[in-house]
Each structure stands twice: as structure tokens, then as C-alpha cells.
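> the sequence and its predicted three-dimensional model are supplied below.
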Amino acid sequence: MTPDAPDLPDAPADSPADSDLVRAARGVPVRRTPVWFMRQAGRSLPEYRKVREGTAMLQACRTPDLVTEITLQPVRRHGVDGAIFFSDIVVPVQAVGVDLDIVPGKGPVVAEPFRTRADLDRLPELTPDVVPDITESVRQLVSELGATPLIGFAGAPFTLASYLVEGGPSKNHERTKALMHGDPQLWHDLCARLAQIAGAFLRVQVEAGASMVQLFDSWAGFLSRADYVRHVKPHSAAALAAVADLNVPRIHFGVGTGELLLDMADAGADVVGVDYRVSLTDAIDRLGARYPVQGNLDPALLFAPWEPLADAVERIAAEGHAAPGHIFNLGHGVLPTTDPDVITRVVEHVHAQPVRGQR
Ligand SMILES: Cc1c2[nH]c(c1CCC(=O)O)Cc1[nH]c(c(CCC(=O)O)c1C)Cc1[nH]c(c(CCC(=O)O)c1C)Cc1[nH]c(c(C)c1CCC(=O)O)C2
């Protein structure tokens, strides 16, 4: 411990609130740089493929024993500092009654896409009683995780709206943007409803014991800054505000959002997620060094030889010192064919890096 970091804890965390992950998110000194990976649970793990055999994705998400086992798998295997709740951004939308499925290798597919005002009737508000299994899964997980924090999550209104309006994954989001500009009132009403659903879904997870949350606006990087600010940001802000009183750190993440970082922070984030297209140094600079950051290793670098990969890990860990806190992560999710042993090695290497204030 150096004199530069007087309130650095010297005992291991005894609760999620004292964990390095939550500490970094609050911008207070850590023992080691915390690390977790988006999509750390999933197809990169043979033990995941085994337990998922014969169970559809959405069915798995609604089965507490499976959710618990799958969420714990990467924590046991890799020694990451946080568990991300095993679910999907479309789970709460399906829970309120929208007919949709997750097609393997493709993603969420909506039976009847949302295009008109009448379609809003198919999207009622989310109340906790439609997701009792989520409460049960989170409670079970929190008791198994001990001092390791559970990260709850939801999809942000724009990303959810894109799936609903396009009817599935989209390359250009053209129908979504056509609705946004063609009928701004309907767009706002749709996003306000999705913000309620996302916010209530986050709230259920935190009330059951999740220690922090992440709002995924995966496709926000497809928007101009002007469109983001006018048509999207107020709704993401509403989703984040739904858990403001619960005093858990809120991470706000999107892909290709280098131009939106300050607006995403301003929407009510405590931590800003940074993909791999912008350097962590530039991201921290754009944020005025006022926010803890999360990221930003390129997921494809996990396929490179160890030396350049280790160099990138060291560089990102060092760049993170310029922010009040840094949570090491990828710039987007783990790719399904990633070698899990490489992930474990990256975790060990992150943990071996000096923390802020240490030489
Ligand atoms: C856009 C998005 C979705 N879902 C999610 C996002 C936002 C994050 C991101 O940008 O990647 C969020 C998500 N989806 C999943 C998680 C679980 C936890 C984790 O990150 O480990 C999380 C946080 C599980 C999942 N969600 C999905 C899988 C794969 C399904 C399987 O294993 O059969 C997993 C593990 C399915 C899904 N669901 C979605 C996609 C694009 C896919 C992949 C389709 C495919 O390639 O098969 C929508």
C-alpha cells in the first residue's frame, strides 16, 4: 500500500458492497482492478453448452436453477469479480406478453413487429408479479455468491425498440428510424413504455439483491448525436432513474458510442461503458475524468497471441488510472468461439496490474 492511497482496504471484501467491483464503480480505491466480461456466461463455455442441451434460451432464462448454475459458471472458472445475471434483454418484453423467440445464431425475433399506435396495446407496463422467477433466481444467486456482487441488467429503450419495430436483428435500423422521424409522438410513447419495462425489470433485480446494474443500449451507436439527445436519451434517463433511490451503481453501455459518451453519462449513469473503437484515454478525456469507466479490450484480441494481448491488457489497465475508477471488461461481448483458458489468463493478468496510486 502506498501513501497515495490511504483508504485502500487491506482485508478481503466481506460483502458485495465492499467488493472491488462496487468500489471501482463508486470511484473509491480498490485492492485490484476488478474485471468481468460481457457475455461471460454462454457458448464459450463447454459446461454452459452441456447444461443448455435440450432447453430453449428463453425457457432457460425463466428457470431459476438453470439461471443460477449458468450465472455461477464463469465466476467459478475464471475468478471474475462480478457475476452478470443470466437472462436476456427481451425477457421482460416477453414477460408482459409480446410474442417473441430467441433464434439460435440470429437473436430475438418478434412475431408481429410494432409499427402503429394500436401495437402499443400489446405492450402493457411490467409489474413484479409477471417475473416471480427473476426474484427467485436473484435471491438464490445472491446467497450463493457471498461477497461477489451480482450485476443486474436491462436493455435500453432504443435497443429494445429496434427489435420490436424491425421484428428482429437489423443491420441499418431503417424502420426504427423511419418511425422515430415519421411519427415522433408514437416513438416517444413506445420508448416511454419500454423505459417503464426496463426500469421495473432493473428494480426487481436490485430489490432481490443485485449490487449494481447495467443498462445495455447496444445499438445506440447507430444514431447521430442529435437524434440520440432528442429521441432516445430522455427514455434511457427514465429507465436509469427507476433505480436511482436504491443506491446501486448504474453502468450505461453501448457499442460505437464514442460520440455519445458524455450524453450517456448525463442520462444518469454512475459508470460509462466504453467499446473498443475509442481508446480509454480519449473516453476518459471526453468525460472530463469525472466518471468511472468500464472497458475496453477488443473481444477479437482474445484470439491473438499472448504477447500482444498482454500488452493491450497492460495498456488499458494503465489508461484506466486517469478515471476515478476503472472496471476492466471487453468493448463488447465474448465471442462464442473464444478459448475460455485465454479469458482466465486475462483475468489473472488484470489482477496482477498495479492499481491507481500504486507503482
Ligand atoms: C443485444 C442484446 C441481446 N441480449 C443482450 C444484448 C445486449 C448485450 C450485447 O450487446 O451483446 C444481453 C444479454 N444476453 C445474454 C446476457 C447474459 C449474461 C452474460 O452477458 O453473460 C446478456 C447481458 C445471454 C444470451 N443471449 C443470447 C445468448 C445465446 C443463446 C444461446 O446460447 O443459445 C446468450 C448466452 C441470445 C441473444 N440475445 C440477443 C442477441 C444479439 C443474441 C445472440 C444471438 C446468437 O448469436 O445466437 C439480444
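Arrived safely, thanks for sending.

> would you agree residue 114 falls within a helix?
No - going by DSSP: H, G, I helix; E, B strand; the rest coil, the assignment for residue 114 is coil, not a helix.

> number of residues surrounding the nearest residue to it once chain neighbours are set aside?
Of all residues beyond its chain neighbours, the one nearest residue 114 is residue 164 (4.3 Å), with distances taken as CB to CB, 6 or more residues apart in numbering. For every residue, glycine as well, the C-beta is placed using N, CA and C. Using other CB atoms under 10 Å, residue 164 has 25 other residues around it.

> just the pLDDT at residue 164, thanks.
In this model, residue 164 is scored at 98, pLDDT.

> just the one 4 residues further on next, same as before
The pLDDT attached to residue 168 in the predicted structure is 97.

> could you do residue 2 as well?
Model confidence at residue 2, given as pLDDT, is 43.

> got a list of what the residue nearest to residue 114 touches?
Residues in contact with residue 164, defined by CB atoms under 8 Å, 6 or more residues apart in numbering, are 93, 98, 110, 113-114, 123, 190, 194.

> so for the residue of the stretch 151-300 of the chain found nearest the ligand, what's the nearest residue that isn't a sequence neighbour?
Nearest residue of the stretch 151-300 of the chain to the ligand (CB to the nearest ligand atom) works out as residue 218 at 3.2 Å. In space, and not counting its chain neighbours, residue 218 is closest to residue 159: 4.9 Å by CB to CB, 6+ apart.

> get me the contact residues on the chain for the ligand.
38-43, 52, 57, 84, 86-89, 102, 104-108, 153, 159, 216, 218, 333 (CB under 6 Å from any ligand atom).

> among those, which ones are in helices?
52, 57, 159 (DSSP state H).

> list the contacts for the second one?
When contacts are counted by CB under 8 Å, 6+ apart, residue 57 touches 88, 102, 104.

> just name the closest of these to residue 23, please.
Among the contacts of residue 57, residue 88 lies closest to residue 23 (CB to CB), at 28.6 Å.

> just the strands in the stretch 51-200 of the chain please.
83-84, 100-103, 107-110, 150-155 (DSSP state E, counting those that start in this stretch).

> need the ones you listed in TSV (columns: mean neighbour count and mean pLDDT).
As requested, the strands of the stretch 51-200 of the chain are exported to TSV (neighbours: other CB atoms under 10 Å; pLDDT from 0 to 100):
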stretch	mean neighbour count	mean pLDDT
strand 83-84	26	98
strand 100-103	17	98
strand 107-110	20	98
strand 150-155	26	98
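
> quick one on the thing from earlier: list buried residues within the residues of the chain next to the ligand.
Among the residues of the chain next to the ligand, those that count as buried by neighbour count (16 or more other CB atoms under 10 Å) are 38-43, 52, 57, 84, 86-89, 102, 107-108, 153, 159, 216, 218, 333.
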